[in-house]
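S.K.: My questions concern the predicted model and sequence given below.
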Amino acid sequence: MKSEQKVRVGFVGAGWAERVQIPMFRQSGLTVQAICSANPANARRAAQQLGIPEVYATWQELVTAETVDLVSIVTPPHLHREIAVAALQAGKHVLCEKPTALNVAEAEEMLAAAQAAPNQLAIIDHELRFHPQLVHLQQLVKGGYTGALLRVDVVVHSSSRLNPALPWDWRTDAERGGGMLGAMGSHMLDLCRWIAGKIDSLTATLQIGHYYRNDRESGNRRQVTADDHAHLLLRFTNGAQGSIVVSGLTPGPNQTEITMLGTRGALWLDSNDRLWGVQGDDLIKGNWQPIETGYPAELPATVPADQPFHVGTYYLGRVLAESLPQGETILSEAASFYDGLAVQRALDAARRSQREQQWIVV
């Protein structure tokens, strides 16, 4: 790419792309160039409503289009491997939605394809790494604010799977990569690795809240095979321990909280994305103090500050818009396909732990 050229993005999938990526990427300086979907009508509708110049009938056409520089894969997980490998072989940069793939074998194939294309960007869409508050949290931990980490605790509560009237679709189908473990657990596992370090072992409990739902297309009653709630206990190689709870079965508003406890202090990102810290004697007293970071003052008014994935996507887009035209294809702050494989190993270990009811080495 020429340094003055804007990055042209083609989207495979019209769901998350339409709701989040396209509006946020446009604001961040990327060019929304093309779209395709398994349902061509959805792609045509999105293109008309959002002013997308090119619509393709198949993903194979999109990933080989000369007008596309970066392919954003926003499909169910069972399609990630095939599309990512083909896009890299076609000379495209790749941003792949999480979880990386269906299993470790597929993630390993994706990493091999990325390693065979060293001049192309290949990252997983763990956009929360780019949220300013999480960047501050990570920098404080790495800078020694907490001292040696003792505990990492993450809680994600939502009511997304609570309604029994929700249809059966890929989100409820384990064979296509559905479930809260992959949808939200992958993000939280990546954050834990990014902030706290390598995960040594884990144990997990997965739960289904509603065992049968009506198929979105046929209306037939079908069995749910993907989890609605996941609870993981973690051991890190540095000696820290932790927990991750991701639930779609909690009544009320969505809430996410992250707490880091160390030998010198603790950090807490509350459900309103406010960052708090405590050190020394105040740690025993629980006398939390706000840590002023300037957020969200620097955020454009058109980016919803109360939607962390919108915020992360906007800042990820800015990095892509600035880096790719300069030929930078290794972004240290992004989740590489290697990171994606590491998270996939943890996901596979969690599912094995559920089956065998024991701790699994990651």
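M.R.: In hand now; what should we look at? What you are looking at is a predicted structure, and each value in this text was computed from that prediction instead of being measured.
S.K.: can we go C-alpha only for contacts and neighbour counts from here?
M.R.: Noted.
S.K.: Would you state the strands of the stretch 201-350 of the chain in chain order?
M.R.: Secondary structure of the stretch 201-350 of the chain by DSSP state E, counting those that start in this stretch: the strands cover 212-214, 221-223, 229-236, 241-247, 255-262, 265-269, 275-279, 289-290, 335-336.
S.K.: try the stretch 1-150 of the chain
M.R.: Counting by DSSP E, counting those that start in this stretch, the strands of the stretch 1-150 of the chain are 8-12, 31-36, 54-55, 70-73, 93-96, 122-124, 149-157.
S.K.: Now distance to T256 too, for those, in TSV please.
M.R.: Shown next, in TSV, are these (distance: least, C-alpha to C-alpha, whole Å):
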stretch	distance to T256
strand 8-12	28
strand 31-36	30
strand 54-55	36
strand 70-73	25
strand 93-96	23
strand 122-124	21
strand 149-157	4
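S.K.: Listing request: residues of this protein with sub-threshold pLDDT.
M.R.: Regions of the chain meeting the criterion pLDDT under 70 cover residues 1-4.
S.K.: neighbouring contacts of stretch 315-332?
M.R.: Contacts to stretch 315-332, defined as C-alpha atoms under 8 Å, 6 or more residues apart in numbering, come from residues 1-7, 24-25, 28-30, 118-122, 127, 130-131.
S.K.: Return the set of buried residues in that stretch.
M.R.: Of the residues in stretch 315-332, 315-325, 329-330 count as buried by neighbour count, 16 or more other C-alpha atoms under 10 Å.
S.K.: same question, stretch 285-293
M.R.: For stretch 285-293, burial by neighbour count (16+ other C-alpha under 10 Å) applies to 288, 291.
S.K.: so can I have CSV of the strands of the stretch 1-150 of the chain showing distance to R351 and mean neighbour count?
M.R.: Listed next are the strands of the stretch 1-150 of the chain as CSV, based on distance: least, C-alpha to C-alpha, whole Å; neighbours: other C-alpha atoms under 10 Å:
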stretch, distance to R351, mean neighbour count
strand 8-12, 28, 26
strand 31-36, 32, 24
strand 54-55, 38, 20
strand 70-73, 24, 28
strand 93-96, 22, 26
strand 122-124, 21, 26
strand 149-157, 19, 21
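S.K.: on that earlier part again, of the contacts of stretch 315-332, just the buried ones, PyMOL syntax please.
M.R.: Of these, the buried ones can be selected in PyMOL as follows, counting by 16+ other C-alpha under 10 Å:
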select buried, resi 6+7+24+25+28+29+30+119+120+121+122+127+130+131
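S.K.: which ones among the contacts of stretch 315-332 are found in helices?
M.R.: Under the assignment DSSP state H, these contribute 24-25, 28 to helices.
S.K.: Using JSON lines, lay out these together with distance to D173.
M.R.: As requested, those are exported to JSON lines (distance: C-alpha to C-alpha, whole Å):
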{"residue": "M24", "distance to D173": "29"}
{"residue": "F25", "distance to D173": "30"}
{"residue": "S28", "distance to D173": "34"}
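S.K.: And M24, how far from Q48?
M.R.: To Q48, M24 is 18 Å away according to C-alpha to C-alpha, to the nearest Å.
S.K.: Relative to N42, which of the strands of the stretch 201-350 of the chain is closest?
M.R.: strand 212-214 (21.9 Å; C-alpha to C-alpha).
S.K.: So which elements touch the closest one?
M.R.: strand 221-223 (3 or more C-alpha pairs under 8 Å, 6 or more residues apart in numbering; DSSP states H and E).
S.K.: How far does the strand it packs on sit from its chain's centre?
M.R.: Here the centre of strand 221-223 is set off from its chain's centre by 28 Å, with C-alpha atoms, centre = their mean, to the nearest Å.
S.K.: check contacts around H136.
M.R.: By C-alpha under 8 Å, 6+ apart, the contact set of H136 is T293.
S.K.: Could you rerun that using 10 Å?
M.R.: Under the criterion of C-alpha atoms under 10 Å, 6 or more residues apart in numbering, the neighbours of H136 are 130, 142, 275, 291-293.
S.K.: Can I get those residues in TSV including distance to L202?
M.R.: Listed next are these as TSV, based on distance: C-alpha to C-alpha, whole Å:
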residue	distance to L202
F130	26
K142	23
L275	27
I291	31
E292	34
T293	33
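S.K.: which one among those residues gets closest to D306?
M.R.: Nearest to D306 among those, with distances taken as C-alpha to C-alpha, is L275, at 14.0 Å.
S.K.: Leaving out sequence neighbours, find the closest residue to that closest one.
M.R.: With sequence-adjacent residues excluded and distances taken as C-alpha to C-alpha, 6 or more residues apart in numbering, L275 is closest to L269, at 4.6 Å.
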